[in-house]
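sequence and computational prediction follow.
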Amino acid sequence: MITTRESSRPVRCATHGTGTDSNRQCTYNAERVIGNGTFGIVYSAHIVETNETVAIKKVFVDRRYRNRELQVWREMHHPNIVTLKHAFYTSGDSPDELYLNMVMEYVPETVYCVMKRFGTLSLALECQVVIWWQ
């Protein structure tokens, strides 16, 4: 399980990625929480083998509901959508707890942060936003 108290301890698990990343072993070192919401927590982390910075979204798997996020994300390929790199499951504190961990490319800013930094939209920023969301 990846938690903030375990941030100094790497997590090693089999992944189920696509292409050459399929079924390989990776060690993830979670560093800090970068976001949270109703459905999960997002951590910034490093893949120890490649020293790549990634984001890991950890979501509780509720067996009463069907979560299709992983299935949909694996089918989406677009330059303006964050890329899913790997996915793996971890157990929780009790035997009934199961978590889906989705490893994705790390994007250091949100659209909100960019908008706040630039203030009112200038024509140059408007063009950038259009390019980002095409």
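It's in.

lowest average confidence, helix or strand, in the protein?
helix 123-132 (a mean of 54; mean pLDDT, DSSP states H and E).

list the contacts of residue 116.
Applying C-beta atoms under 8 Å, 6 or more residues apart in numbering, one finds that residue 116 lies in contact with no residue. C-beta here means a position set from N, CA and C on the backbone, and glycine is covered the same way.

mind checking pLDDT for it?
pLDDT, residue 116: 78.

now do the SS call for it.
With DSSP: H, G, I helix; E, B strand; the rest coil as the basis, residue 116 sits in helix.

measure it to residue 82 for me?
Separation of residue 116 from residue 82 (C-beta to C-beta, to the nearest Å) stands at 20 Å.

so where is this protein shaky, pLDDT-wise?
Per-residue confidence for the chain (pLDDT under 70) gives these ranges: 1-24, 118-134.

please enumerate the strands of it.
Listed in chain order, the strands of the chain (DSSP state E) span 11-14, 25-36, 40-47, 52-60, 84-91, 98-105.

Serialize those strands to JSON lines and add fields for mean neighbour count.
As requested, the strands of the chain are exported to JSON lines (neighbours: other C-beta atoms under 10 Å):
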{"stretch": "strand 11-14", "mean neighbour count": "14"}
{"stretch": "strand 25-36", "mean neighbour count": "16"}
{"stretch": "strand 40-47", "mean neighbour count": "20"}
{"stretch": "strand 52-60", "mean neighbour count": "18"}
{"stretch": "strand 84-91", "mean neighbour count": "18"}
{"stretch": "strand 98-105", "mean neighbour count": "18"}
